[in-house]
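In: Could you look at this predicted model? Sequence included:
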Amino acid sequence: MLEVTDLKVGYGAIEALHGISFSVKAGEVVTLIGANGAGKSTTLRAISGLVQARSGDILFEGRPIQRMPAHEIVRLGLAHVPEGRMIFANLTVMENLRMGAYLVRDKAKIARGLEEVFEVFPRLREREKQMAGTLSGGEQQMLAIGRALMGGPKFLMLDEPSLGIAPLLVKTIFEQIVKINRDRGLTILLVEQNANLALRVSLRGYVLETGRILLADTAAGLLADPKVRSAYLGG
Amino acid sequence: MSEFIQQLINGLSVGAMYALIAIGYTLVYGVLRFINFAHSDVFMVGSFTGLYAGRAFTQASWAGGVTVMLVSMLACAVLGIVIERVAYKPLRSRSKLTVLITAIGVSMLLQNVAQLVFGTNQQAFPDTLPATTFQLGKLVVSSKDLVVLGFTLCLLGGLEYIVLKTRIGTAMRAVSFNPQAAALMGIPIDRIISFTFGLGSALAAAGGFLWAYKFPRIDPFMGVAPGLTAFVAAVLGGIGNITGAALGGLMLGVIETMVKGSRWSTWTEAIAFVLLILVLLFKPAGLLGRVQAEKV
């Protein structure tokens, strides 16, 4: 479904990704793990069009997207829940969700989408009319994911969904991620610092280190790998 | 007392027009974080468009006046969109200072082209809307003031509806808060920015039309003074905040008119800037602005 080949991305004089290649097949959950600054977020940002790739190819369903602007990539069914959630704090929860469905013109479809999101995260229904900025971190993450789901994507990229969130809510959010993948067949590319948690819900994983892919294996393989265990899983 | 009320009505109608201009500054600031100094000249073009469109009607009438105002608004919406596309969009990735200086350049260009096209002399603005004065006790009220206030209220109501209730208005607020996140929703940023310029410019044109209706002598530099005052109004209210801009405009209109009618009348032109300095000293985010002025 997603095919990244020799992707290079830089900010000014600094190159953040030195040519990485990986792929995600339809229906999979794949995780990119790595330390801070390894280039995980940059990879997602390059795919969704928030930063321009210097060179390399990004194919989504066989179609090159590395030169497309971000707002057109979404149209293909590729959603990105960015690092730091980036919810619209000055809009209500409902308005945030409606913005997620900006490209959906069919009102019945938007109503169905809302029902589905409220089913996944009932907490959002309770907070419907509240300004999004007043939500807790975990609720904001739910909103960010719900907002991305409103567009009816085929492919969902999640950047650090566990960051700065109460452990109980992390559990809820990850359960829902697994459920979304299982029930809807939504393909998921996950970026996480909490490698243990991420690998447990994934099929495969890639280890990124300073802009290069160091290892690629099944999630079980990575969980068992002594190098990965000592570097990313806390022994 | 009656004099006070008289001045208040007069001040509110001037303030209403400041508000219409100020909102354009604040809308553009909201999505692009820069001050469009050419905005006051769009206001001037709005007046002149009204002047020429008004010649199509020989008699003052409500339908005619409203038509002329709508023509002005439409023409200036197009002008605003073209200015953004041609002058500002190519500089989107440059520093804000570059765009700011370009805006001053566009302002000069509009003033000079206006002198070339419209001439440098003051021109009389035709009476497009009916006007009378009526007496309430000692109070002499010009219907013009009431018309200005009424029209402004309708326009502000329409604006509020667009910004708060429509899909494109919500998208404007989203872009203003975080353009990257908005792009990830599939919101076409460029189109939203164009729309914002069109909306702000249309309101400035309405302000220009009403201004010429109240003060019916117009010239290519007529935008400079009200434009500057309206800019102060936008900062006073909290730049980026629409309600703040409207409130700031009304306040400045009333204060200016009161000062003009008092024995400190020589301070009239300066009072807006005295207030600007005070606001920047004591409440830099403006009356309704939040401290982190980045987030609107």
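Out: Yes, it's here.

In: ok, which stretches of chain A are helices?
Out: A:40-48, A:70-75, A:93-100, A:107-120, A:122-126, A:137-150, A:167-184, A:195-201, A:219-224, A:226-232 (DSSP state H).

In: Of these, which is nearest B:Val274?
Out: helix A:93-100 (39.2 Å; Cβ to Cβ). Glycine gets a C-beta too; all of them are placed from N, C-alpha and C.

In: Mind checking the pLDDT average for the closest one?
Out: Helix A:93-100 carries an average pLDDT of 96.

In: Report the distance from that helix to the chain centre.
Out: With Cα atoms, centre = their mean, to the nearest Å as the basis, helix A:93-100 stands 18 Å off its chain's centre.

In: same check, this time on stretch B:10-28
Out: On Cα atoms, centre = their mean, the centre of stretch B:10-28 falls 5 Å from that of its chain.

In: Can I get that stretch in CSV? Just the C-alpha atoms.
Out: What follows is stretch B:10-28 as a C-alpha-only set of coordinates in CSV (Å, rounded to 0.1, in the frame of the first residue of the first chain):
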residue,chain,number,x,y,z
ASN,B,10,-22.0,60.7,15.6
GLY,B,11,-19.1,58.8,17.3
LEU,B,12,-20.7,55.5,17.0
SER,B,13,-21.4,55.9,13.3
VAL,B,14,-17.7,56.9,12.7
GLY,B,15,-16.6,54.1,14.9
ALA,B,16,-18.8,51.6,13.0
MET,B,17,-16.8,52.4,9.9
TYR,B,18,-13.5,52.1,11.7
ALA,B,19,-14.8,48.7,12.8
LEU,B,20,-15.5,47.6,9.3
ILE,B,21,-11.9,48.5,8.3
ALA,B,22,-10.3,47.1,11.4
ILE,B,23,-11.9,43.7,10.9
GLY,B,24,-10.0,43.4,7.6
TYR,B,25,-6.7,44.0,9.3
THR,B,26,-7.5,41.5,12.0
LEU,B,27,-8.8,38.8,9.6
VAL,B,28,-5.7,38.9,7.5
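
In: Can you list the buried residues in the one helix or strand B:Ala272 maps to?
Out: Take DSSP states H and E as the rule and B:Ala272 turns out to sit in helix B:268-282. Across helix B:268-282, burial judged by 16 or more other Cβ atoms under 10 Å in any protein chain shown covers B:268, B:271-272, B:275-276, B:279.

In: Return the member of these nearest to chain A.
Out: B:Val279 (22.3 Å; Cβ to the nearest Cβ).

In: who's in contact with the closest one?
Out: By Cβ atoms under 8 Å, 6 or more residues apart in numbering or on different chains, B:Val279 lies in contact with B:235-236, B:286-287.

In: right, and out of those residues, which lies closest to B:Asp127?
Out: B:Leu236 (33.0 Å).

In: Which elements pack onto the longest helix along chain B?
Out: Determined from DSSP H, the single longest helix within chain B is helix B:2-32. In terms of contacts (3 or more Cβ pairs under 8 Å, 6 or more residues apart in numbering or on different chains; DSSP states H and E), helix B:2-32 is packed against helix B:39-54, strand B:139-142, helix B:143-165, helix B:167-177, helix B:189-214, helix B:224-237, helix B:242-260.

In: Quick one: closest of these to chain A.
Out: helix B:167-177 (4.8 Å).

In: wait, does the closest one contact chain A?
Out: Yes: judged by Cβ under 8 Å from any Cβ of the partner chain, helix B:167-177 and chain A are in contact via B:167, B:170-171, B:173-174, B:176-177.
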